[in-house]
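1. When you get a sec, could you give me coordinates for this:
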Amino acid sequence: ACYTIEGLNSFAVVIYFNYLYFLFRDRFGFNDKQNLALAALIGLIYTFASWQAGRFAQRCGYFTALKIGFGLMAAGLAAGSRLDSVTGQIVAACVVNTGMCFIWPVLEALVSEGANAARAVGIYNITWAVNNALAYFIGGALIEKFGYQSIFYVPLAFMLVQLAMVFWLEKIHVNPVVPGAETGLPPAPHRPLREKTRKFQRLAWLANPFAYIAINTLIAVIPGLAAKFQLSPMLAGFVCSLWCFARVFAFVALWRWPGWHYRFRWLVTAFALLIVSFALILTAPNLAVLLVAQIFFGVAIGLIYYSSLFYSMDASDTKSEHGGIHEAAIGLGNFIGPAVGAASLQFLPQFASSGAIAVSALLLCGFGGLIGIWRTAK
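-> Okay, here's the model as predicted:
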């Protein structure tokens, strides 16, 4: 049931947030700079709200947090479907975003409590990633068929179903989490010493925000890329979701083969690949380059994200709180990347690629930080 809720929420979140930037472009005339600023605002809220929501869930109970989260998301989507102003839509998006912060740290904790971390994280990642990719792929077609109201009504229906499932799951849950309780590490026969697990946890917590710097910057400028290649929302969904499917492939491979666990070269190689593929996507001269770069981008993102969540759960005694930190790291990346991109376009408007260059430079700084942590911690 937890995986079902996770899959439904992943699908709904992508339908709404990934295509919200198309709505702002077409309804309110937003350009890349304005969409990046919107993405930065959403990321900033997510950074602090998810961290606190994870702590709240650890203290007050998982199901209480889930009810609050789905209630807020449903309220924000319902309001957004009725609002016609820029301010109203931004406020609605912030409400939906805040609700989401109560959900993902809890789902991460629920699937890993008392379970083998490698298996639980693998199934968890594949579940959300498959639904994420499918939603991105068909979202544009939904908009062309039913209009932009579909990005509110489809997720809203999903939220109501998930809220009902939470009440049902609470009744049948045989091992409810006691508020404030801490659980021991799940059994894993080949876990290294705690000192090493903590080091890799820090490395992954650094790498993951930078991965989301790239992801959220990319998602916010996809409408601009679509206009550059004269792609409708439907075709943009088909073409620009390729990296999501590549990420699914990476998740499956990483789940089935544990040889990458606690191997620094895998993480650092993925980070280098992330930088190169990100720059190629944003500066692609044709669709062929855009498609090939997305494949490498998705694989790199997959390994970095998987590492962050696996090391968070494998080295953690308080699952939802550490899940909240993992999500806060995502939010930090979601804020910094678009903020840097928007600022570059604001102050260097004469250079069309200034945003891409600035964010790529930021990713290089993260790469240097990763190397630095590894060398000082050895």
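
2. Distance check, the closest residue in space to residue 5 that isn't next to it in sequence against residue 142.
-> Leaving aside its chain neighbours, residue 5 sits nearest to residue 162 (5.2 Å; criterion: CB to CB, 6 or more residues apart in numbering). Where C-beta positions appear, they are placed from N, C-alpha and C, glycine not excepted. Distance from residue 162 to residue 142, counting by CB to CB, to the nearest Å: 19 Å.

3. neighbour count winner among those two?
-> residue 162 (23 against 20; other CB atoms under 10 Å).

4. Give the buried residues for the helix or strand containing the more buried one.
-> Here residue 162, judged by DSSP states H and E, is contained in helix 150-172. Within helix 150-172, the residues that qualify as buried are 150-156, 158-159, 162-163, 165-166, 169, counting by 16 or more other CB atoms under 10 Å.

5. Just the helices from this protein, written as ranges.
-> With DSSP state H as the criterion, the chain has helices at 2-28, 32-60, 62-80, 86-101, 104-112, 117-146, 150-172, 194-228, 233-240, 242-256, 264-282, 287-314, 319-347, 354-377.

6. If I look at residue 36, what pLDDT would I see?
-> pLDDT, residue 36: 95.

7. Touching, it and residue 356? I think so.
-> No - counting by CB atoms under 8 Å, residue 36 stays clear of residue 356, with 11.1 Å between them.

8. Kindly point out which residues are neighbours of both of these two.
-> Common contacts of residue 36 and residue 356 (CB atoms under 8 Å, 6 or more residues apart in numbering): residue 341.

9. Just want to know which of the two has more residues nearby.
-> Set residue 36 next to residue 356 and count neighbours by other CB under 10 Å: residue 36 wins out with 30 against 23.

10. can you pull the contacts of the more buried one?
-> Contacts of residue 36 by CB under 8 Å, 6+ apart are 217, 220-221, 338-339, 341-342, 345, 355.

11. Identify the residue spatially nearest to the residue nearest the centre of the chain, adjacent ones excluded.
-> Nearest residue to the geometric centre of the chain (CA atoms, centre = their mean): residue 330, 6.3 Å. Nearest in space to residue 330, with sequence neighbours left out and distances taken as CB to CB, 6+ apart, is residue 212 at 4.9 Å.

12. Can you give me the neighbour number for the one you found?
-> Residue 212, neighbours per other CB under 10 Å, totals 26.

13. In contact with it, which residues?
-> When contacts are counted by CB under 8 Å, 6+ apart, residue 212 touches 43, 329-334, 337.

14. Repeat the analysis, applying 6 Å as the threshold.
-> By CB atoms under 6 Å, 6 or more residues apart in numbering, residue 212 lies in contact with 330, 333-334.
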